[in-house]
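A.B. asks: coords please:
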Amino acid sequence: MKNIVIIDYGLGNLRSVYKGLEHAGASVSISSDPEKMLAADGVILPGVGAFMDAMKNIEGLKGTITEYVSSGKPMLGICLGEQILMDWSEEGRLTDGLGLVKGNVIRFPHSELKVPHMGWNSIHITQEHPLFEGIPNRSYVYFVHSYYVDTAQKNTVASCEYGKTFAAAIVNDSGNVMGTQFHPEKSGDIGLKMLRNFVEMC
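C.D. replies: Numbering: from 1, shown residues only. As a prediction, this is how the structure comes out:
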């Protein structure tokens, strides 16, 4: 059974992610202990809230996260957890992220569209990746966000349309750091399949 650690840094919907991974067949723990993180087969970086708060809270774990990622083992960022993987965000003021995936976090432009982008929307799978194994193109997943990730095409695994095309799922150049702007743990059977895929990658 794969050992998955959900990073607890004070911001995140930890219980629903925990239950989803447990349902996917993993041994799951919630922890901020660097030793547990480094020993894990896979790590989840959740997040709900503001970018600046997330970076402040996670400051003490940045070295551990960098060391974990350099091992080549898989890490998945969810929602705000995806956004803090990037170089910087314009939320609040320009704030540096973890810099694990090249790109930035931008607010949706003011228009006739409601912000935050909230609810079910379909995704277009733009390249093959183990996280999306067995996931049909144009599947519907659940979003709640006011900012979106702007990254290169090579780092975009899936895109979504909401007033503009934005990256719904991303990956780093090495392929072991992934992020989803949507919430797999709230996306029904499709999201559960993605979590199973992540566990199988570990």
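
A.B. asks: What residues does the closest residue in space to residue 151 that isn't next to it in sequence make contact with?
C.D. replies: Spatial nearest neighbour of residue 151, excluding adjacent residues (Cβ to Cβ, 6 or more residues apart in numbering): residue 103 at 3.0 Å. For the C-beta atoms, the positions are set from N, CA and C on the backbone; glycine is no exception. Counting by Cβ atoms under 8 Å, 6 or more residues apart in numbering, residue 103 touches 86-87, 149-152, 155, 167, 170.

A.B. asks: Which of those residues fall in strands?
C.D. replies: Among the contacts of residue 103, the residues falling in strands (DSSP state E) are 149-151, 167, 170.

A.B. asks: circling back: I'd like to know how far the residue nearest to residue 151 sits from residue 38.
C.D. replies: Plainly put, residue 103 is 26 Å away from residue 38 if you go by Cβ to Cβ, to the nearest Å.

A.B. asks: Can you pick out the most distant pair from the contacts of residue 103?
C.D. replies: Longest distance between any two of the contacts of residue 103 is 13.6 Å, between 87 and 167; criterion Cβ to Cβ.

A.B. asks: Between the two, which has more neighbouring residues?
C.D. replies: A count of neighbours by other Cβ atoms under 10 Å puts residue 167 above the other of residue 87 and residue 167, at 26 against 15.

A.B. asks: so who does that one touch?
C.D. replies: 103, 148-151, 155-156, 158-159, 181.

A.B. asks: again, but for residue 111
C.D. replies: Contact analysis of residue 111 by Cβ under 8 Å, 6+ apart lists residue 163.

A.B. asks: what residues does the helix or strand harbouring residue 190 touch?
C.D. replies: According to DSSP states H and E, residue 190 maps onto helix 188-201. Residues outside helix 188-201 that contact it (Cβ under 8 Å, 6+ apart) are 2, 4, 20-21, 23-26, 42, 74, 76, 130-135, 139-142, 178, 180, 182-185, 187.

A.B. asks: and that helix, C-alpha only, in CSV?
C.D. replies: The C-alpha coordinates for helix 188-201 follow below in CSV (Å, rounded to 0.1, in the frame of the first residue of the first chain):
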residue,chain,number,x,y,z
GLY,A,188,-17.0,12.6,-8.4
ASP,A,189,-15.8,9.4,-10.1
ILE,A,190,-13.6,11.3,-12.5
GLY,A,191,-11.7,12.9,-9.7
LEU,A,192,-11.5,9.7,-7.8
LYS,A,193,-9.9,8.0,-10.9
MET,A,194,-7.3,10.8,-11.0
LEU,A,195,-6.5,10.2,-7.3
ARG,A,196,-6.1,6.5,-8.1
ASN,A,197,-3.8,7.3,-11.0
PHE,A,198,-1.7,9.5,-8.7
VAL,A,199,-1.5,6.7,-6.1
GLU,A,200,-0.4,4.3,-8.9
MET,A,201,2.3,6.7,-10.0
